[in-house]
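S.K.: Need coordinates for the below:
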Amino acid sequence: MRVAVIPARGGSKRIPRKNVREFCGRPLIAYSIAAALDSGAFDRVLVSTEDEEIGTVARSYGAEVPFLRPAQLADDHTPSMSVVKHAIERLRFAGAEVTYACQVYPTAPLLAPELLAEGFRRLVESGASFALGVTSFPFPIQRALRIGDAFRIEAFWPEFAAARSQDLEPAFHDAGQFCWGTAEAFEELRPVYSDSTAAVRIPRHLVQDIDTEEDWRRVELMYRTMRSGERDGL
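M.R.: A predicted model of the protein is given here:
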């Protein structure tokens, strides 16, 4: 069985109640649920939460909430891998045979269902433990700067200061959308950032963290622009 696990706790600090806050007409978590359901990649789509309201909202948009997550797995320092492991263990205890799982972030309104399906194909075809959605940095990281005393700048890597951008190796980061894995890899809490993880490249225009109010406004504009373009056939 393939299962999506959407971890959504109620105690978000920077944007209170972020997971169920209205985003372009629907609660934010509804978009991740819809992407998982529409992908056709899962036998079950679960939301793992300790919050009754989030559970009610998740069910209303088609996700299962077969249990409430214990409070000790819902604080600021709980690794998301532990949340997925807990969900797999609860499903196994209830008699379900979980083979693959995917952590789907609850704050990814730009997540494309077809990328979730591609992620599963990449996991299976590569034989990796995980398949992680990644995107490229918009500027070469080798040209990064730090700001020191009196607002003076200095290069992190001075040896690349004069290098042309096209001559520098591209760098990538976690897109904050999904991570597929074998059930065993999640249960054993294997490291994701390793050579046992396959990359699923996601275009930068489909990626946006939502950690601040500025992020929220930006991604709403991105979402509305994308939907408008689809309606206009662009």
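
S.K.: Can you show me the helices along the protein?
M.R.: All helices of the chain, identified by DSSP state H, fall at 28-39, 52-60, 80-93, 113-126, 183-187, 213-231.

S.K.: Counting neighbours, which bits of the longest strand seen in the chain end up buried?
M.R.: Looking across the chain with DSSP state E, the single longest strand is strand 172-182. Judged by neighbour count using 16 or more other Cβ atoms under 10 Å, the buried positions of strand 172-182 are D174, A175, G176, Q177, F178, C179, W180, G181, T182. From N, CA and C alone the C-beta is placed, and that goes for glycine too.

S.K.: Format those residues as CSV; extra columns: distance to A94 and pLDDT.
M.R.: Listed next are the buried residues of strand 172-182 as CSV, based on distance: Cβ to Cβ, whole Å; pLDDT from 0 to 100:
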residue, distance to A94, pLDDT
D174, 31, 97
A175, 31, 97
G176, 30, 96
Q177, 28, 98
F178, 24, 98
C179, 23, 98
W180, 22, 98
G181, 20, 98
T182, 20, 98
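
S.K.: So of those, which two are at opposite extremes in space?
M.R.: Across those, the longest distance by Cβ to Cβ is 21.4 Å; it joins G176 and T182.

S.K.: Enumerate the positions of the least confident helix or strand in the chain by mean pLDDT that are buried.
M.R.: In the chain, no helix or strand scores lower on mean pLDDT, DSSP states H and E than helix 213-231, which sits at a mean of 90. Of all the residues in helix 213-231, those buried under the rule 16+ other Cβ under 10 Å are W216, V219, M222, Y223.

S.K.: centroid residue for the chain?
M.R.: The centroid of the chain falls nearest to Q177 when counting by Cα atoms, centre = their mean (2.3 Å).

S.K.: My read is that that residue contacts P109, right?
M.R.: No - using Cβ atoms under 8 Å, Q177 is not in contact with P109, being 10.1 Å away.

S.K.: I'd guessed P203 sits against G133; true?
M.R.: No - assessed by Cβ under 8 Å, P203 is found out of contact with G133, at 10.8 Å.

S.K.: which one of the two has more residues nearby?
M.R.: Between P203 and G133, counted using other Cβ atoms under 10 Å, the more crowded position is G133 (28 against 12).

S.K.: What residues does V134 make contact with?
M.R.: Applying Cβ atoms under 8 Å, 6 or more residues apart in numbering, we find V134 in contact with F172, H173, D174, A175, A199, V200, R201, I202.

S.K.: hmm, 6 Å instead?
M.R.: With contacts defined as Cβ atoms under 6 Å, 6 or more residues apart in numbering, V134 is in contact with F172, A175, A199.
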